[in-house]
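Asker: How does the following fold in three dimensions:
(chains A and B)
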Amino acid sequence: MSDGLAVELRQVVKRFGEVTAVESVSLQIQHGEFFSLLGPSGCGKTTTLRLIAGFEMPTSGDIIINGEMQGHLPPYQRPVNTVFQHYALFPHMTVAQNVAFGLEMKKVSKDEITRRVGEALELVHLGKMGSRRPKQLSGGQQQRVALARALVNRPKVLLLDEPLGALDLKLRKAMQGELKALQEQVGITFIYVTHDQEEALTMSDRIAVMSAGHVFQVGFPEDIYENPNTRFVADFIGETNFLHGTVHRRGPLAEIAIAENVILPARWASDELPAGSSATLSIRPEKILIASGDEKPPSDGEFVSVPGQVAEVVYLGTDTRYVVRIVDGVQTVVRVQNLEMGNKRFKVGDAVMLHWRVEHGRILKE
Amino acid sequence: MSSESITQQVPSMSRRSRWARVKKSMGEFSLSLYGWGGYFFLYLPIVILVIFSFNDSRSTAQWSGFTFDWYGEMIHDSQIILSLWNSLFVAVISTIISVVIGTLAAMAMERHVFRGKLLMDAVLYLPIIIPDIAMAIMLLIFFDISGIGFEPWKVSLFGIRLAVPYSVIISHVAFNISFVAIVVRARLAQMDRTLEEAAQDLYADTWQTFWKVTLPMMMPGIMGGALLAFTLSLDDFVITFFTSGAGFNTLPVRVFSMIKKGVTPKINAVSSLMLVFSLALIGISLLLRKGGDEEPTIGIGL
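Answerer: Have a look, this model is predicted:
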């Protein structure tokens, strides 16, 4: 408790033979936080979780849970519990026996076990299912049993390994809300592994984006989305336009040349680069306003304006997706919310002006 | 079925398709005839054997009336009863020992990587492949050279005194281990490793994980292996015959020596009884397989 962190990873490295699964990962996770590890499959997020749980031992680095160095402690001596991807419920036990397992191992008294198992099952709305076998439950119910089985032990930290991955879309959405509400109710630190960016954005207090064993960025969901610091993060979270070019002028507000006479101002996402070096400008499709040539951008704030020609129009219901050609070989996607009924403002071939706020454009290293 | 009714409605194709249909049904007919013929060939002798155990005559070829006399005579033949007890004793003890060793071997093979694993793997399954007679002679030579084993284990069961040579038990364990290991390993391979991780995550140490999760999950495989071992031990003739030394009979060995003096329906009665017993064991294993849990288990699958 001395440092006030629930979990801390200090330069943790994990190698499996020649392969490095986790490369010098450092994380600080607060008490009561809903913290997500987000990344594509094979990025090392599950390995990181398994290192915290104790199923894998780090090649080097330290893992500190609740102020205590874990070293090579086996899983059964760590103050964490795990919800597994495929639940891993014991098929030869009833639901209640599954939930009671951890308490029995901890030699909690019979009366208390009965009481706490009942409470845990109530918490996940399975109060009447105690005597069933896991096989007799639906996927969503099994998932709740797995949650109850972990939460009943009142762990300091709950580790969740893509717990909603095996559920269908609708159930997954419902469970996302439920999980988040549950986490707020019990106040336990959740470390949540997922490859689903939307899931991470909706549920998390903070997110760590991982790829190839590295943590690329840690931050609040809106931070990760609005201010990605690398090309990978900008690309992995949401949709974005990448405009390649060279640094035209340095300074706090740099300029990047994406074609001979198209020079766009934008902010640096990372350290400044020298003039002439190649860089990428990233701009989210929904940040771009599409207008006819004579329309002026809103008067509040500083806008970047670029002329272009509509190359493609796709009606998507909630919004319309335009592909606009700026110069030959440079296209950008624009998403416009359909505030009016059905009328598409622009047709393929129309000359248009694109406007966006200067601060929404970010320059990323190549 | 549906394709046939469709072809009937298309006249231009009818001639060709009718011939194809005839060919197909002829093929199916001869295939099933062949199949049933095979079963007939295999099981008819067994059926005849059982029928003649009720024959009211010394002949095992000519039917002359129904009787239970041979079963009565069998029960009152102290030699047969003694050999039955010998068989059961050897089967129970060798099953217990081979289940323990076979299960441990299966776990080592499935879960661990060690030097010489491939060789161990081959050696472990050798008794299944090599002929009984080769194994019997090898064991006989082993006991002869080493000088161990032929002295009897004397026990008294329900007032019957048994003297079972250790060599017979050791031999039965030797071939049963392989069968147990195969069946248990198949079960273990199907098992989800994360179940054990889940147990460890829920504060069960290595031993508790084994007793509370791994072993119960392996149980259908272990039971299947045990039943297989028990049946094989009960049925074994060649290896027992070679390794028992003088004066010790299991039921199959006893039957063999009875045949030498002439075949009577009493032998049929004994054989029928063994048959019923084996069928019961297979039935139990099938029930266990069904009643086990989610995945199908390889019970007696050989």
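Asker: Name the SS class of residue A:276, please.
Answerer: Three-state call for residue A:276 (DSSP: H, G, I helix; E, B strand; the rest coil): coil.
Asker: nope, residue A:81 is what I meant
Answerer: What three-state DSSP gives for residue A:81 is strand.
Asker: Let me know how buried it is, in neighbour terms.
Answerer: Residues near residue A:81, counting by other Cβ atoms under 10 Å in any protein chain shown, number 27. The way it works is simple: take the backbone N, C-alpha and C, and place the C-beta from them, glycine included.
Asker: what are the bridge partners for it, then?
Answerer: Using DSSP bridges, the bridge partners assigned to residue A:81 are residue A:158.
Asker: ok, it - contacts?
Answerer: Applying Cβ atoms under 8 Å, 6 or more residues apart in numbering or on different chains, one finds that residue A:81 lies in contact with A:102, A:149-151, A:153, A:155, A:158-159, B:201-202.
Asker: Tell me how far residue A:193 lies from chain B.
Answerer: Look at residue A:193 and chain B: by Cβ to the nearest Cβ, to the nearest Å, they are 14 Å apart.
Asker: And the pLDDT at the residue of the stretch 151-300 of chain A found nearest chain B?
Answerer: Residue nearest to chain B within the stretch 151-300 of chain A: residue A:153 (7.1 Å; Cβ to the nearest Cβ). Predicted confidence (pLDDT) for residue A:153: 91.
Asker: What helix or strand is it located in?
Answerer: Residue A:153 belongs to no helix or strand when elements are defined using DSSP states H and E.
Asker: What of residue B:50?
Answerer: Residue B:50 is part of helix B:14-52 when elements are defined by DSSP H and E.
Asker: re the thing from before, could you dump the contacts of residue A:81 to JSON lines with neighbour count and distance to residue A:327?
Answerer: JSON lines is the format used below for the contacts of residue A:81 (neighbours: other Cβ atoms under 10 Å in any protein chain shown; distance: Cβ to Cβ, whole Å):
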{"residue": "A:102", "neighbour count": "26", "distance to residue A:327": "63"}
{"residue": "A:149", "neighbour count": "32", "distance to residue A:327": "59"}
{"residue": "A:150", "neighbour count": "26", "distance to residue A:327": "55"}
{"residue": "A:151", "neighbour count": "23", "distance to residue A:327": "57"}
{"residue": "A:153", "neighbour count": "23", "distance to residue A:327": "61"}
{"residue": "A:155", "neighbour count": "21", "distance to residue A:327": "56"}
{"residue": "A:158", "neighbour count": "24", "distance to residue A:327": "52"}
{"residue": "A:159", "neighbour count": "27", "distance to residue A:327": "49"}
{"residue": "B:201", "neighbour count": "28", "distance to residue A:327": "57"}
{"residue": "B:202", "neighbour count": "29", "distance to residue A:327": "61"}
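Asker: what's the residue closest to the geometric middle of chain A?
Answerer: In chain A, the centroid-proximal residue (Cα atoms, centre = their mean) is residue A:200; its distance is 3.6 Å.
Asker: Contacts only, for it.
Answerer: Here residue A:200 is in contact with A:36, A:38, A:192, A:194, A:207, A:221 (Cβ under 8 Å, 6+ apart).
Asker: Tell me which entries of these lie within strands.
Answerer: A:36, A:38, A:192, A:194, A:207 (DSSP state E).
Asker: Can you redo the residues you listed as TSV, where the extra columns are pLDDT, distance to residue A:229 and neighbour count?
Answerer: As requested, the ones in strands among the contacts of residue A:200 are arranged in TSV below (pLDDT from 0 to 100; distance: Cβ to Cβ, whole Å; neighbours: other Cβ atoms under 10 Å in any protein chain shown):
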residue	pLDDT	distance to residue A:229	neighbour count
A:36	94	17	28
A:38	93	14	28
A:192	94	22	27
A:194	93	20	23
A:207	94	13	28
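Asker: Could you check how far residue A:9 is from chain B?
Answerer: For residue A:9 relative to chain B (Cβ to the nearest Cβ), the value is 19 Å.
Asker: Can you say which helix or strand has that residue in it?
Answerer: Assigned by DSSP H and E, residue A:9 belongs to strand A:5-16.
Asker: re the thing from before, give me the buried stretch members for the helix holding residue B:50, please.
Answerer: Neighbour-count burial for helix B:14-52, counted by 16 or more other Cβ atoms under 10 Å in any protein chain shown, picks out B:17, B:49-50, B:52.
Asker: next one: stretch A:285-304
Answerer: Under the neighbour-count criterion of 16+ other Cβ under 10 Å, stretch A:285-304 has A:285-291, A:297, A:303-304 buried.
Asker: Redo those as JSON lines? Include distance to residue A:75 and pLDDT.
Answerer: Shown next, in JSON lines, are the buried residues of stretch A:285-304 (distance: Cβ to Cβ, whole Å; pLDDT from 0 to 100):
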{"residue": "A:285", "distance to residue A:75": "44", "pLDDT": "90"}
{"residue": "A:286", "distance to residue A:75": "44", "pLDDT": "90"}
{"residue": "A:287", "distance to residue A:75": "45", "pLDDT": "90"}
{"residue": "A:288", "distance to residue A:75": "49", "pLDDT": "89"}
{"residue": "A:289", "distance to residue A:75": "53", "pLDDT": "87"}
{"residue": "A:290", "distance to residue A:75": "54", "pLDDT": "87"}
{"residue": "A:291", "distance to residue A:75": "59", "pLDDT": "85"}
{"residue": "A:297", "distance to residue A:75": "57", "pLDDT": "79"}
{"residue": "A:303", "distance to residue A:75": "55", "pLDDT": "86"}
{"residue": "A:304", "distance to residue A:75": "53", "pLDDT": "86"}
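Asker: ok, of the contacts of residue A:81, which one's closest to residue B:91?
Answerer: Set against residue B:91, the nearest of the contacts of residue A:81 by Cβ to Cβ is residue B:202 (39.3 Å).
Asker: Which residues are in contact with the closest one?
Answerer: By Cβ under 8 Å, 6+ apart, the contact set of residue B:202 is A:76, A:81, A:101-102, A:105, A:149, A:153.
Asker: what do you get for residue A:114?
Answerer: Not one residue lies near residue A:114 by Cβ under 8 Å, 6+ apart.
Asker: of the buried residues of stretch A:285-304, closest to residue B:234?
Answerer: For the buried residues of stretch A:285-304, the nearest to residue B:234 is residue A:285 (75.8 Å; Cβ to Cβ).
Asker: domain parsing for chain A?
Answerer: When chain A is parsed with automatic domain parsing, its domains come out as A:5-234, A:239-365.
Asker: Pick the most deeply packed of those.
Answerer: domain A:5-234 (a mean of 19; mean count of other Cβ atoms under 10 Å in any protein chain shown).
Asker: about what we covered before: if I've got this straight, the residue nearest to the centre of chain A is in a helix?
Answerer: Yes - assessed by three-state DSSP, residue A:200 belongs to a helix.
Asker: The stretch 101-250 of chain A: strands as residue ranges?
Answerer: A:157-161, A:189-194, A:206-211, A:214-219, A:241-249 (DSSP state E, counting those that start in this stretch).
Asker: follow-up on the earlier one: output the buried residues of stretch A:285-304 as JSON lines; include the columns distance to residue A:365 and secondary structure.
Answerer: Output for the buried residues of stretch A:285-304, formatted as JSON lines (distance: Cβ to Cβ, whole Å; DSSP: H, G, I helix; E, B strand; the rest coil):
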{"residue": "A:285", "distance to residue A:365": "22", "secondary structure": "helix"}
{"residue": "A:286", "distance to residue A:365": "24", "secondary structure": "helix"}
{"residue": "A:287", "distance to residue A:365": "21", "secondary structure": "helix"}
{"residue": "A:288", "distance to residue A:365": "23", "secondary structure": "coil"}
{"residue": "A:289", "distance to residue A:365": "27", "secondary structure": "strand"}
{"residue": "A:290", "distance to residue A:365": "29", "secondary structure": "strand"}
{"residue": "A:291", "distance to residue A:365": "31", "secondary structure": "strand"}
{"residue": "A:297", "distance to residue A:365": "29", "secondary structure": "coil"}
{"residue": "A:303", "distance to residue A:365": "25", "secondary structure": "strand"}
{"residue": "A:304", "distance to residue A:365": "20", "secondary structure": "strand"}
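Asker: Thank you kindly, that will do.
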